[in-house]
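>>> could you look at this predicted model? Sequence included:
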Amino acid sequence: MEPFMRRFREIEIGIECSALCQFQVAEIFYYAQEAVIHPIDPIFDYETQFLRPRCVAALNRIFSLCDRDGDGALSDVEFNKFQVRTH
């Protein structure tokens with residue numbers, strides 16, 4: 001399975017399963033659901049292996065909103081407030 005996944009970088013995970021033996025069938029449905037609900041494609045470009053520009057812009061915006069003192073780093077207090085706010 002590794003050569004196949006290396007060739008097609010957009011594949012996130014590979015799982016061996018068997019519907020006949022009921023082996024890892026639940027896992028297949030879990031990962032299929034995750035791929036639909038939380039797709040990675042809008043934020044990550046598989047060809048370049050980098051985050052997409054709009055994702056980078058969004059992350060920079062979130063960081064700038066959390067960096068209250070404007071020093072370019074999140075202090076423990078700023079990071080704590082971010083965690084509480086997004087939890």
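Structure's in. What do you need? Numbers count the residues shown, from 1 in each chain.
>>> helix or strand: which one has the residue nearest in space to the middle of the chain?
What sits nearest the mean C-alpha location of the chain, by Cα atoms, centre = their mean, is residue 40, with 5.7 Å. Assessed by DSSP states H and E, residue 40 sits outside every helix and strand.
>>> before we move on, what SS does the residue lying closest to it once chain neighbours are set aside have?
Of all residues not flanking residue 40 in the chain, residue 12 sits nearest, at 6.5 Å (Cβ to Cβ, 6 or more residues apart in numbering). Quick note: C-beta positions are derived from backbone N, CA and C, even for glycine. With DSSP: H, G, I helix; E, B strand; the rest coil as the basis, residue 12 sits in coil.
>>> tell me how many other residues surround residue 12.
Residues lying near residue 12 (other Cβ atoms under 10 Å) number 14.
>>> mind checking how far it is from residue 52?
16 Å (Cβ to Cβ, to the nearest Å).
>>> just to revisit the earlier point, correct me, but the residue nearest to residue 40 touches residue 38?
No - counting by Cβ atoms under 8 Å, residue 12 stays clear of residue 38, with 10.4 Å between them.
>>> against residue 81, how distant is residue 64?
According to Cβ to Cβ, residue 64 and residue 81 sit 14 Å apart.
>>> if you count what's nearby, which of those two comes out ahead?
residue 81 (14 against 11).
>>> need the per-residue pLDDT for the more buried one.
Listed pLDDT for residue 81 reads 93.
>>> so it belongs to a strand, correct?
No - under three-state DSSP, residue 81 sits outside any strand and is assigned helix.
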